[in-house]
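Undergrad: pasting the sequence and the predicted model now:
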Amino acid sequence: MPDDCKSVSGEAAAPGRNAPAPLPAPIPTNVLLSAMLQVSAHVSDLIFSPGRPPQVELSGKLAGVKVGSLAVLTDADTQRIAADLMAGNQLADDLLRSQGACDLSYSLAGKSRFRVNIFRQRGTCAIVMRVIAGDVPGFETLNLPVQLKEITQLKNGIVLVTGPTGSGKSSTLAAIIDLINETHAYHIVTIEDPIEFIHRHKKSTVHQRELHSDTPTFSLALRAALRQAPKVILVGEMRDRETIEIALEAAETGHLVLSTLHTVDAPKTVERILGAFPLSEQQLIRTRLANSFRWIVSQRLVPRKDQPGRVAAIEILRSNQRTREYLEKGEREGKSLLDAIRDGNLEGMQCFDSELENLARKGLIGIDAALAYASNQGNLRLALSDLIEEIGTQSAEPSSNNKHNGFALV
């Protein structure tokens, strides 16, 4: 039981006529998790915080869940759940004590797997559990752009999937790895924190290494991978300068490197990579990255309009002579990566705002949601002006279904 998350409990009442009724037995953690998953097939996260009910995230919004007599979590409840999740994982327990947070994976037999983060806050434990689908998702399941299948035919270079936390980066990479696994007899090495989707050996042989349990750092595992004769290397996240340097080296020496960054679009991705290096080295890194990158795929999950769940809006930048030049020499007026994306639709490129417009016109997302997730709200509002005007006209018309005895129902 982690000391860092201890709560202070009152003294037990002395037995006697006025003794309080015994407290109900705690709900077993696996029973609690199962009940929360049953709320909806679209649950993406489970959240446990003292003073709040157990919560699930549905389409980007939190909803409380009462399970049995457990209406509000106490310090002791979250401490107990954390201890159950970490049972037998001494490393996670040590990290929670020494660093205030730990990552681990957890399986609920026959139902789901989770990516778990346990952390200290205000002297107590809080827990966030990301729900991981049991099966590796396919391109059709995720409704990914068909041109991304071309990534599976690459022999070398770097492919980056970027976006904020919870935008589906891991799912997209899992779908790409699975298609490579099905179509090529390759050696694939993944380095993850923690392992999310379990890849079975198909046509390829897949080795999956987990941070902390199989290797102490991404950079060490990536360096070792260069001696393990893989064709494809997946790095869960390019977190630091050393990992970026080794990834570039791997791409330059004939490996296909797939990884993620927590950036919102392609220009910010380039900025983040360059920012990891001193100014004196940034031009060299620009040149190396320009020669090595093949695709930068950026994602945003937008709430659906027609049904529960979210739909991915995906921006795609791919390597060609123009994008390599802009990346190596830097962006200038009229020569930006966004300009290249807008002009590159015939080569499979697409920008966020165009995709948001398409999704809004198909009725998959609302106009308000499209504008909220846009890169340039003003330009998107102008592009959707006809649709906005049409909806405004329809809402202004009286509806017979909205009247009763001469009074409008509100």
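TA: Done, it's in.
Undergrad: how is this structure divided into domains?
TA: Domain ranges of the chain: 28-132, 139-350, per automatic domain parsing.
Undergrad: how about TSV for the ones you listed, with mean neighbour count, distance to residue 360 and mean pLDDT added?
TA: In short, each C-beta sits where N, CA and C put it, glycine included. Shown next, in TSV, are the domains of the chain (neighbours: other C-beta atoms under 10 Å; distance: least, C-beta to C-beta, whole Å; pLDDT from 0 to 100):
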stretch	mean neighbour count	distance to residue 360	mean pLDDT
domain 28-132	17	17	93
domain 139-350	18	8	95
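Undergrad: can you tell me the centre-most residue of the chain?
TA: Nearest to the geometric centre of the chain sits residue 166, at 3.2 Å (C-alpha atoms, centre = their mean).
Undergrad: so that one touches residue 301, yeah?
TA: Yes. Assessed by C-beta atoms under 8 Å, residue 166 is found in contact with residue 301 at 7.0 Å.
Undergrad: now the domains of the chain as a markdown table including distance to residue 382?
TA: Shown next, in a markdown table, are the domains of the chain (distance: least, C-beta to C-beta, whole Å):
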| stretch | distance to residue 382 |
| --- | --- |
| domain 28-132 | 26 |
| domain 139-350 | 15 |
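Undergrad: of all those, which lies closest to residue 364?
TA: domain 139-350 (5.4 Å; C-beta to C-beta).
Undergrad: end-to-end on that closest one?
TA: Counting by C-alpha to C-alpha, to the nearest Å, you get 17 Å between the two ends of domain 139-350.
Undergrad: looking at it, residue 352 is touching residue 297, isn't it?
TA: No. The pair residue 352 / residue 297 is not scored as a contact, 11.5 Å apart, by C-beta under 8 Å.
Undergrad: mutual contacts of those two, please.
TA: residue 315 (C-beta atoms under 8 Å, 6 or more residues apart in numbering).
Undergrad: what about the helices in the stretch 151-300 of the chain?
TA: With DSSP state H, counting those that start in this stretch as the criterion, the stretch 151-300 of the chain has helices at 169-183, 218-225, 241-252, 266-275, 282-292.
Undergrad: how far is the third one from where the chain is centred?
TA: Translated: helix 241-252. Relative to its chain's centre, helix 241-252 lies at 23 Å (C-alpha atoms, centre = their mean, to the nearest Å).
Undergrad: thinking again about what came up before, got a markdown table for the helices of the stretch 151-300 of the chain, with distance to residue 119 too?
TA: Shown next, in a markdown table, are these (distance: least, C-beta to C-beta, whole Å):
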| stretch | distance to residue 119 |
| --- | --- |
| helix 169-183 | 20 |
| helix 218-225 | 20 |
| helix 241-252 | 23 |
| helix 266-275 | 24 |
| helix 282-292 | 33 |
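Undergrad: nearest to residue 71, of those?
TA: helix 169-183 (32.9 Å).
Undergrad: just checking, what packs against the closest one?
TA: Contacts defined by 3 or more C-beta pairs under 8 Å, 6 or more residues apart in numbering; DSSP states H and E place helix 169-183 against helix 139-142, strand 157-162, strand 187-192, strand 232-235, strand 256-261, strand 293-303.
Undergrad: tabulate the ones you listed (TSV), appending distance to residue 174.
TA: Converted to TSV, those look like this (distance: least, C-beta to C-beta, whole Å):
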stretch	distance to residue 174
helix 139-142	9
strand 157-162	10
strand 187-192	9
strand 232-235	9
strand 256-261	10
strand 293-303	13
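Undergrad: make sure residue 130 is actually in contact with residue 106.
TA: No. If you go by C-beta under 8 Å, residue 130 and residue 106 don't touch, sitting 10.3 Å apart.
Undergrad: mind listing the shared neighbours of the two?
TA: In contact with both residue 130 and residue 106: 114, 116, using C-beta under 8 Å, 6+ apart.
Undergrad: sorry, back to before: which stretch among the helices and strands packed on helix 169-183 comes nearest residue 271?
TA: Distance to residue 271, taken as C-beta to C-beta, is lowest for strand 256-261 among the helices and strands packed on helix 169-183, at 10.3 Å.
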